[in-house]
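Chemist: below is the sequence, then the predicted model.
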Amino acid sequence: MSEAPSEPARPGCLLCLLQTSASMYQHAGDEGKQDTKLTYARYALDLVLDAIAKLDHPQVRGLYVGAIGYSARPGEAPVFTSLLPGADREPYLVPLKELAAQGLPRWPNDARSWIDVQKTDGAGALAGERAPAGQALAYAYHLVQMWLGRHPDAWPLLVVHSGDEEGFDAAHALVSESLPLLHALAGPVHLAHVACTGARPEPIFGKQPDASEGQRWQDLWQRSCPVGSKDGRPYRALAINTNPWPLLKHLLLSPPEGKVPWPAPEGVENTSSENVPATLWQDRALCYVKKGNAENEWEDAWGSAPGRLVAAVSDGASEGIFAKAWSHLLAESFVAAVPDLGDSAARTAWIEKLRTIWAEIINVQSLRWSQQNKVNQTGAAATLLTLQVQPGAGPEAPWRWRSWAVGDSCLFCVRDNRLRAAFPVVAAAHFAMGPPLLRTNGDASLPAPVCAEGECRPGDLFVLATDAVAQWMLQQVEEGGAPDWGALTKLDEEAWRRQIDAAREEQRIANDDCTLLVVRVGGASGGSADRLQGR
């Protein structure tokens, strides 16, 4: 009698970053030993992968793993190289079972050697002098965000950054805050740091570094995800000069948190939402059409329901047809109905309903045959970015926010005029030519939205931006000239348009429709009625 087929393994993801710049070739530890920091860092990751491969646990049976080496020459973009066995030099994620089945070489203690730093020879990664940790972590964010779009039902993901004390700049801080906001169905993405350095002989395992160590290690501890407490002190996923496996095992095998239940929005039927205090939400929109187009050719859209603390922006794709009607329908319908985009069945039903409405709006039967042909073959497509906010249950309780994204419209989370996090893109270089889109064509596969969520407090600012202006803002952040975020709440629209014109003239921003929806929570507001497309 044959055995019943087992349930397919639920996917998970472990992505390791390994710094391979010049400083990692310095010796570590005892002066009499010639082992480099890179040797120790590589060995630590080998031990971790070897230990995971020996586990028999539901949360690792379907695990995908990746290992990426990185460094850069001064003034040049980072080089990323896969360090896993195989011929492919590009970074990739492979099933752990598939990797474990290969005949891997072994260390003297019989642990298998999973990480192959020799693969970087000739590829440029080992030649780099600089350790661009922030850019490397942004690349990991990009891979994880795309992976979540394909595996929304995944176990919580784990990103491990391994290196020395180099490269932890402002870009690293931004991505460190942004990465744990990404959520799979089972819980948030975890971020751990594994450091090997000859600068401090005593190991650190999870505990907060002493103040005498300086701000660098204190900051890195804060940027690592929590892993509980010990002896009444909080522990985080930071290991310096010691085996990180117990910390990482805790993160991999802890019971999944799942998404915190989000209450159904009140007053969906009553779009005025007059019973909700207006002081909880203040918003304004700034919009500018693509240069060369008329105002009525603007294909972005935005919607806001202050009474329910909900907003959305959508960017119509220019290669489609009647994209303006589709983007407006997506934004308006979301703030009116607030569907649960995390529920596959509810999401599909919502999109199917909108496809029917869109066909009615454009009156397909009245179109010329060429237009009908393009509707049938291409249709319209658009991005969608949403924001929902929930005030705390009491005066001291934290507020919460949640965002869903399909495509590259971006959310910026700002506190005290400082950018704290971005979603779903964290680097100007990662705006793709062909992002995922919601399409009117029913034959097209429906991409799963990516989710981010976190805590906020009264006075925090959220900026929802379509891709051209979002990329421009991230570029300013990366160049050290961050926008004056607070000024956006009162900046005259004509003055903002002049800024866009100047940026277009200097080719610092793509010539495309530009839309910002600026939301301040817990501030004074002029009213609570729903606002759509500025009407």
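Modeler: On my side now, so go ahead.
Chemist: send me stretch 292-311 as PDB with only the CA atoms.
Modeler: Provided in PDB are the C-alpha atoms of stretch 292-311 (Å, rounded to 0.1, in the frame of the first residue of the first chain):
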ATOM      1  CA  GLY A 292       4.300  67.600 -23.300                       C
ATOM      2  CA  ASN A 293       0.900  66.300 -22.200                       C
ATOM      3  CA  ALA A 294      -2.300  68.200 -21.500                       C
ATOM      4  CA  GLU A 295      -3.700  68.300 -18.000                       C
ATOM      5  CA  ASN A 296      -6.500  65.900 -18.900                       C
ATOM      6  CA  GLU A 297      -3.900  63.300 -20.000                       C
ATOM      7  CA  TRP A 298      -2.700  62.800 -16.400                       C
ATOM      8  CA  GLU A 299      -2.900  59.000 -15.800                       C
ATOM      9  CA  ASP A 300      -2.100  58.900 -12.100                       C
ATOM     10  CA  ALA A 301      -4.800  58.700  -9.500                       C
ATOM     11  CA  TRP A 302      -5.300  59.200  -5.800                       C
ATOM     12  CA  GLY A 303      -8.000  58.700  -3.300                       C
ATOM     13  CA  SER A 304      -8.400  59.500   0.400                       C
ATOM     14  CA  ALA A 305     -11.000  58.600   3.000                       C
ATOM     15  CA  PRO A 306      -9.900  60.600   6.100                       C
ATOM     16  CA  GLY A 307     -12.800  59.300   8.100                       C
ATOM     17  CA  ARG A 308     -11.600  55.800   7.800                       C
ATOM     18  CA  LEU A 309      -7.900  56.700   7.800                       C
ATOM     19  CA  VAL A 310      -7.400  55.100   4.300                       C
ATOM     20  CA  ALA A 311      -5.600  56.400   1.200                       C
END
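Chemist: for that stretch, what is the average pLDDT?
Modeler: Across stretch 292-311, pLDDT averages out at 92.
Chemist: next: stretch 78-95.
Modeler: For stretch 78-95, the per-residue pLDDT averages 79.
Chemist: how long is that stretch end to end?
Modeler: Across stretch 78-95, the terminal residues are separated by 26 Å (C-alpha to C-alpha, to the nearest Å).
Chemist: cool, and stretch 396-413?
Modeler: Criterion C-alpha to C-alpha; first-to-last residue distance in stretch 396-413 is 21 Å.
Chemist: chain center to that stretch, what's the gap?
Modeler: Between the centre of stretch 396-413 and the centre of its host chain there is 11 Å, according to C-alpha atoms, centre = their mean, to the nearest Å.
Chemist: with stretch 415-430 instead?
Modeler: With C-alpha atoms, centre = their mean, you get 9 Å for stretch 415-430.
Chemist: over to stretch 64-79?
Modeler: 19 Å.
Chemist: buried set for it?
Modeler: Buried residues in stretch 64-79, counting neighbours by 16 or more other C-beta atoms under 10 Å, are found at 64, 65, 66, 67, 68, 69, 70, 71, 72, 78, 79. Using the backbone N, CA and C atoms, a C-beta is placed for each residue, glycine as well.
Chemist: which of the residues you listed fall within strands?
Modeler: Mapping the buried residues of stretch 64-79 onto strands (DSSP state E) picks out 64, 65, 66, 67, 68, 69, 70, 71, 79.
Chemist: tell me how far the second one lies from residue 160.
Modeler: Right, the one you point to is residue 65. Using C-beta to C-beta, to the nearest Å, residue 65 is found at 10 Å from residue 160.
Chemist: do the same with the last one
Modeler: The span separating residue 79 from residue 160 equals 20 Å under the rule C-beta to C-beta.
Chemist: ok, the fourth one next?
Modeler: For residue 67, the distance to residue 160 (C-beta to C-beta) stands at 9 Å.
Chemist: which parts of the stretch 251-400 of the chain are helices?
Modeler: For the stretch 251-400 of the chain, the helices defined by DSSP state H, counting those that start in this stretch occupy 323-337, 344-362, 369-377.
Chemist: so which of the ones you listed comes closest to residue 42?
Modeler: Shortest separation from residue 42 across the helices of the stretch 251-400 of the chain is recorded for helix 344-362, at 40.0 Å, computed as C-beta to C-beta.
Chemist: now do the closest one against helix 323-337, angle only.
Modeler: In terms of direction (axes from the mean of the first three to the mean of the last three C-alpha atoms, to 10 degrees), helix 344-362 departs from helix 323-337 by 130 degrees.
Chemist: separation between residue 157 and residue 64?
Modeler: For residue 157 relative to residue 64 (C-beta to C-beta), the value is 9 Å.
Chemist: quick check: neighbours shared by those two?
Modeler: Counting by C-beta atoms under 8 Å, 6 or more residues apart in numbering, the contacts common to residue 157 and residue 64 are 12, 13, 14, 147.
Chemist: would TSV of those with pLDDT, neighbour count and secondary structure be doable?
Modeler: Shown next, in TSV, are the shared contacts of residue 157 and residue 64 (pLDDT from 0 to 100; neighbours: other C-beta atoms under 10 Å; DSSP: H, G, I helix; E, B strand; the rest coil):
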residue	pLDDT	neighbour count	secondary structure
12	91	24	strand
13	93	23	strand
14	95	24	strand
147	92	20	helix
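Chemist: any idea which of those is closest to residue 309?
Modeler: residue 147 (29.9 Å).
Chemist: before we move on, back to that, give me the common contacts of residue 67 and residue 160.
Modeler: With contacts defined as C-beta under 8 Å, 6+ apart, the residues shared by residue 67 and residue 160 are 15, 16, 45.
Chemist: pLDDT score for the second one?
Modeler: Translated: residue 16. Listed pLDDT for residue 16 reads 96.
Chemist: before we move on, back to that, what is in contact with residue 65 and residue 160 at once?
Modeler: Taking C-beta under 8 Å, 6+ apart as the criterion, residue 65 and residue 160 both touch 14, 15, 16.
Chemist: the first one contacts residue 64, correct?
Modeler: Yes. The pair residue 14 and residue 64 qualifies as a contact (C-beta atoms under 8 Å) at a distance of 7.4 Å.
Chemist: mutual contacts of the two, please.
Modeler: In contact with both residue 14 and residue 64: residue 96, using C-beta under 8 Å, 6+ apart.
Chemist: so what's the residue count around the closest residue to residue 288 other than its chain neighbours?
Modeler: The spatial neighbour of residue 288 that comes closest, neighbours along the chain excluded (C-beta to C-beta, 6 or more residues apart in numbering), is residue 514 at 4.5 Å. Around residue 514 there are 29 other residues, counting by other C-beta atoms under 10 Å.
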